[in-house]
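[1] predicted model follows, preceded by the sequence.
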Amino acid sequence: MVKKTMNHLLKFNKFQKYILWDFETENVRLIGKNRPWQLGYVIAKGDEIIKEKEEYIFWEDLNVSEGAARVTRFNLFKYKEVAKFNKEILEEFETYFYNPEYINIAHNSHNFDCFIHNIWRTELGFKSDYSYLNKTIDSNALAKMIKLGIKQVDRQSWKQEMFKFAEYVEKGLKSSIKVLCKEFDIDYNEELAHSALYDAQKNLQIWNKLKTMIDI
């Protein structure tokens, strides 16, 4: 039943389950041991939000760079007050993340967030596991495909195509959350941007637009 549902075009599937997620990390680039300190995710069914979660991930030796702190408005005092034991956060998150009933969606998942998730796992002593990428959509990559005139993405080639276009660069081709919100007339608050849950919420709104523009 799940397999059949997930092979339907997603623009017509009102029952498909999604998890849309975002991380805030110690560094703004994918360098070294760049651990996540904030996780935000939205659980949705079709266009309907079922659950929202924002978690602060505890690390004894957290080291947020000056650039990352500035972009995310990182507050060390707030972090120390609300951060939780991070194994429990990971385990709850992964009950959705690896569940075959859910399609995973993130902005820059294939050139950033998937590696951050793996760093988190390995830091806690778990094995690397990228198996979820077969059911993951990178909304950044997908937006580029649409702007380049691609009309269809077969499920069997999701992972390959998402990696290909995640790295694709062309002058004038812009696909950030901020740009897409403006193009789709979605409210965008600069003061809330780069907070994990807010970005995941905006990405759900973006996804609901993108899925009508391409057969996927």
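    Ah, there it is. Given the structure is predicted, the values throughout are model-derived calculations rather than measurements.

[2] can you pull the contacts of the residue most central in space within the chain?
    Centroid check for the chain by CA atoms, centre = their mean gives A106 as the closest residue, at 2.2 Å. By CB atoms under 8 Å, 6 or more residues apart in numbering, the contact list for A106 reads L20, W21, D22, D113, T136, D138, S139, A200, N203. (C-beta placed from N, C-alpha, C; glycine too.)

[3] the last one contacts K178, doesn't it?
    Spelled out, it's N203. No. Contact criterion CB atoms under 8 Å: N203 and K178 do not qualify, at 11.7 Å.

[4] so which of those two has more stuff around it?
    N203 (24 against 14; other CB atoms under 10 Å).

[5] residue boundaries of the helices in the chain?
    2-6, 66-72, 76-82, 86-97, 114-123, 139-147, 158-166, 177-183, 196-210 (DSSP state H).

[6] any idea of the mean pLDDT in the shortest one?
    Just to be clear, that refers to helix 2-6. When pLDDT is averaged along helix 2-6, the result is 45.

[7] most packed of the helices of the chain?
    The highest mean neighbour count among the helices of the chain, using mean count of other CB atoms under 10 Å, belongs to helix 139-147: a mean of 23.

[8] what is the neighbour count of D215?
    Neighbours of D215 (other CB under 10 Å): 12.

[9] before we move on, what about D47?
    12.

[10] can you name the residues that contact it?
    By CB under 8 Å, 6+ apart, the contact list for D47 reads K14, N208.
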